[in-house]
Structures are given as structure tokens and as C-alpha cells.
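Asks: sequence first, then the predicted structure, then my questions.
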Amino acid sequence: MTAKTTAKSIAELLETRRRIKAKKPDFLIQDYHKRKELPRKWRKPRGLHSKMRMRKKGHPKQAEIGYGSPKQTRHLDRKGMRRVPVSSAKNLDAIDKIAEAAVIRHGVGLKKRLEILKAAEQKGITVANTSHAKIMKKIEDKLKKEAKRKAAPKQESEPKKAAEKAEAKEKQGEELKEEELKDAEKREKDKLLTKRETR
């Protein structure tokens, strides 16, 4: 964005972008609707007899420069803010409150996410992909539940493990007994068969 563009002109440009995008068709690969294996994305048609490449009437539109949004509004969200990816609370220092909004990266964990949200609230920075109050409550609740879950099972797990081991031993003993009985039966049958053969 240049220094000349005022807030009013940016608002107007955002409105024109909204109108352009409303009319913009979905640019998809040729024959996407016919073949299941084709991905849902744009690929330029290069076929010799391709009606889409020739821009024949009634065939899907191609991606062209005319469908683009105004240059000043590119990489801006609906409110006219530039989104800046953030992975820690330190990254918030480089963000401009008026023109930029923070976006917490996908891989950031709950504890760090909570720190970033608290720091953003103190500094008055907008976080684009979350709403402060609701998310902060949810994250705090989740962290509390995890802490309780980690603390509680340690006491209960020891007797449970001992009981499980005892059960496993009993099952093994029963299986061994069954195997021994089967072996004894087999031996007796073999003896009878050998006796018959000798006669």
C-alpha cells in the first residue's frame, strides 16, 4: 500500500474486490465433474482439441488476469488488515496495531497459544483466527482438565496394573494346562495307533 491511499479509498477498493469475487467462477481442472480422480484445483487446459482452451461458448472459464482483485487490496482480509503469522508472544512486538492482525500458526500448542492471546489482549492487537475471551476460557479449561488427569491416574494405576498382571498369569496357567492335556491325549492316540500297526 502506498502512503497516498487513505482509509476511505481502501474501503472502496475492498468493496470493489468483494463485487469482483462474487461474480468470479470456480476455476477447476478440465473435466473435473466427469472424472473422480481429478483434484479440485486449477490446471491450464493444453489439449489440442480442448474446447475450454479455445474458449468455446458453454465451456468452463479459464483463470485470467481480469478476475484479479485491485493491487492495493491483495493479501488483505475483509476488514482491510494484513495478516501476520505468529508462533510466539515475542512476534507480537513487530505487529502494527492499526494495519496488521496476528494469525496464530497451526502447530502452536495450547500453553503458547494462551500466552499469545494474553499478550495480544494487553497490547490491543487483533488476532484474526480466534476470538480472545471464548478461546482463552476453553484453553484454560482444557489445561486444567489435563493437569487433573495427569495427577489422578498415578495413584490408581499401580493396583490396576498388579491386578492385570495377576489375571494375565492366571490365563497363561490355564492355557498351559490345556496344552498339556492336549499333548497327553495325542500321546495316547499315538500309542494306540502304533499298537494296531504292530499287530
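Replies: Arrived safely, thanks for sending.

Asks: state the distance from residue 72 to residue 112.
Replies: For residue 72, the distance to residue 112 equals 34 Å [CB to CB, to the nearest Å]. Bear in mind the C-beta positions are built from the backbone N, C-alpha and C, glycine included.

Asks: ok, now residue 19?
Replies: Residue 19 is 39 Å from residue 112, where distance means CB to CB.

Asks: which of the two has more residues huddled nearby?
Replies: residue 112 (16 against 10; other CB atoms under 10 Å).

Asks: dump the residue contacts of that one.
Replies: Applying CB atoms under 8 Å, 6 or more residues apart in numbering, we find residue 112 in contact with 87, 88, 89.

Asks: not counting sequence-adjacent ones, nearest residue to the second one?
Replies: Yep, that's residue 88 we're talking about. residue 112 (6.4 Å; CB to CB, 6 or more residues apart in numbering).

Asks: for the first one, same thing?
Replies: With CB to CB, 6+ apart as the measure, residue 105 is the residue that lies nearest to residue 87, at 4.8 Å, once sequence neighbours are left out.

Asks: if we can go back for a sec, now for the residue nearest to residue 88, which secondary structure element holds it?
Replies: helix 110-123 (DSSP states H and E).

Asks: packing partners of the top helix by length along the chain?
Replies: For the chain, the longest helix by residue count, based on DSSP state H, is helix 153-198. Using 3 or more CB pairs under 8 Å, 6 or more residues apart in numbering; DSSP states H and E as the contact criterion, no helix or strand is in contact with helix 153-198.

Asks: give me the distance from it to the chain's centre.
Replies: 48 Å (CA atoms, centre = their mean, to the nearest Å).

Asks: begin at 101 from now on, thanks
Replies: Sure, I'll start counting at 101 from here, so that last one is helix 253-298.

Asks: could you list the buried residues of stretch 174-191?
Replies: In terms of neighbour count (16 or more other CB atoms under 10 Å), stretch 174-191 has its buried residues at 176, 180, 181, 184, 186, 189, 191.

Asks: out of those, which is nearest to residue 229?
Replies: Using CB to CB, residue 186 is the member of the buried residues of stretch 174-191 that lies nearest residue 229, at 9.9 Å.
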